[in-house]
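Participant: pasting the sequence and the predicted coordinates here, then a few questions.
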Amino acid sequence: MGIDIGIIGGTGGMGRWFARFFEKEGNTIHVSGRKSGMNAAEMAGTCQVVIVSVPIGVTGTVINTVGPYMRENALLMDLTSLKREPVTAMLESSVSEVIGCHPLFGPHVESMAGQNVVLCPARGNRWLPWLKGILGKNGASIVEATPEKHDRMMAIVQGLNHFNTIAMGMVLSRTGVDMSELLQFSTPNFRTKMEVLERVFCRNPGLYAEIVTMNPDARHLIDLYGKIITELKDVIDGADTSKLAEIIGRQSLFHQCQ
Ligand SMILES: NC(=O)c1ccc[n+]([C@@H]2O[C@H](COP(=O)([O-])OP(=O)(O)OC[C@H]3O[C@@H](n4cnc5c(N)ncnc54)[C@H](OP(=O)(O)O)[C@@H]3O)[C@@H](O)[C@H]2O)c1
């Protein structure tokens, strides 16, 4: 039997995606944005599950607004790309069950099949089997982690990765290259890169900016990135091919390389 699910931020990309997802599962969905839908008290009073899916920078404030209205046997969860702050805020502001959730895909994907979803179960055990059941049935690969571990992993998967894409996009932009002409000269590998560049530079620049700047674990990786660029530049300025090959060869990144 379906339940009432409220999605704060349900008018945005991920919120809309999950509204459709949970609706297909036979639930009744209530979405809200800044100017539409129920207020926090109505949402918490009506819904057994409330999901927060708003920009990272306002997530704490939104959680602190709805948290105090949540009932003990209800579930408060979020879809935020970072987990430490939102999970702490959900625990501190409510008495309800709490699960941090980070779907590792964007609203452009067709279905959940084959996608990774991180869950940070934080309080209660009634709703976790329900959530895992729905995600699992739809083909998600679920990994449970602490918010700390999640944020450390995301510092690499998203922070460093998107920083790298932003730097590359800025280089291309400064060269003034025509991207459609570049496409005619592209390899399969470069076409994949262009799709990533298009996603970061065209779809939701604010989200990528938040992911890179708001994860404290990403900072030391980005410092290291800067140092490595300087080291590599010295080798390249000296046109030292064998040194560069030796550097690449000794990194032992993958077991199969050894
Ligand atoms: N996009 C992705 O690829 C992706 C993937 C995984 C996780 N996430 C996470 O999902 C969350 C939402 O991201 P998104 O890409 O869906 O963002 P989005 O498209 O910009 O949508 C943001 C939503 O939040 C609402 N909103 C903004 N400020 C608000 C406020 N102060 N109070 C209440 N509602 C507010 C907006 O409603 P109105 O505009 O109607 O006011 C809109 O519905 C973020 O935490 C992000 O980290 C995103």
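Facilitator: Good, I have the coordinates.
Participant: buried stuff in stretch 186-205?
Facilitator: Neighbour counts using 16 or more other CB atoms under 10 Å place L197, V200, F201, N204 of stretch 186-205 among the buried residues. For glycine as for every other residue, the C-beta is placed from the backbone atoms N, C-alpha and C.
Participant: then stretch 149-160?
Facilitator: Residues of stretch 149-160 classed as buried by neighbour count (16+ other CB under 10 Å): H150, D151, R152, M153, M154, A155, Q158, G159, L160.
Participant: same thing with stretch 45-60?
Facilitator: Neighbour-count burial for stretch 45-60, with 16+ other CB under 10 Å as criterion, is recorded at C47, Q48, V49, V50, I51, V52, S53, V54, I56, T59, G60.
Participant: hmm, the longest helix that the chain contains touching the ligand?
Facilitator: The helix of greatest length in the chain, counted in residues with DSSP state H as the criterion, is given as helix 217-237. No - no part of helix 217-237 sits near the ligand under the criterion CB under 6 Å from any ligand atom; the closest distance found is 14.0 Å.
Participant: contacting residues around that helix?
Facilitator: The contact list for helix 217-237, computed with CB atoms under 8 Å, 6 or more residues apart in numbering, reads 151-152, 154-156, 158-160, 163-164, 212, 243-244, 247.
Participant: tell me what the helix or strand that it is followed by is packed against?
Facilitator: Using DSSP states H and E, the helix or strand that directly follows helix 217-237 along the chain is helix 241-249. Judged by 3 or more CB pairs under 8 Å, 6 or more residues apart in numbering; DSSP states H and E, helix 241-249 is in contact with helix 217-237.
Participant: got the CA positions of the helix it packs on in PDB?
Facilitator: Taking C-alpha atoms only, helix 217-237 is exported to PDB below (Å, rounded to 0.1, in the frame of the first residue of the first chain):
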ATOM      1  CA  ASP A 217      37.800  16.900   2.400                       C
ATOM      2  CA  ALA A 218      38.300  18.200  -1.200                       C
ATOM      3  CA  ARG A 219      40.600  21.000  -0.200                       C
ATOM      4  CA  HIS A 220      43.800  19.000   0.400                       C
ATOM      5  CA  LEU A 221      43.200  17.100  -2.800                       C
ATOM      6  CA  ILE A 222      42.900  20.300  -4.800                       C
ATOM      7  CA  ASP A 223      46.100  21.600  -3.100                       C
ATOM      8  CA  LEU A 224      47.800  18.400  -4.200                       C
ATOM      9  CA  TYR A 225      46.500  18.900  -7.700                       C
ATOM     10  CA  GLY A 226      48.100  22.300  -7.800                       C
ATOM     11  CA  LYS A 227      51.400  21.000  -6.700                       C
ATOM     12  CA  ILE A 228      51.300  18.100  -9.200                       C
ATOM     13  CA  ILE A 229      50.500  20.500 -12.100                       C
ATOM     14  CA  THR A 230      53.700  22.500 -11.100                       C
ATOM     15  CA  GLU A 231      55.800  19.300 -10.900                       C
ATOM     16  CA  LEU A 232      54.600  18.100 -14.300                       C
ATOM     17  CA  LYS A 233      55.100  21.400 -15.900                       C
ATOM     18  CA  ASP A 234      58.800  21.300 -15.000                       C
ATOM     19  CA  VAL A 235      59.100  17.900 -16.600                       C
ATOM     20  CA  ILE A 236      57.300  19.100 -19.700                       C
ATOM     21  CA  ASP A 237      59.200  22.400 -20.000                       C
END
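Participant: tell me the confidence at the one residue sitting closest to the centre of the chain?
Facilitator: In the chain, the C-alpha nearest the mean C-alpha coordinate belongs to S81, at 3.3 Å (CA atoms, centre = their mean). pLDDT, the model's per-residue confidence, is 98 for S81.
Participant: what's around the one residue in the stretch 101-250 of the chain that gets nearest to the ligand, how many residues?
Facilitator: Using CB to the nearest ligand atom, the point where the stretch 101-250 of the chain gets nearest to the ligand is G106, with a distance of 2.9 Å. When counting by other CB atoms under 10 Å, one arrives at 14 neighbours for G106.
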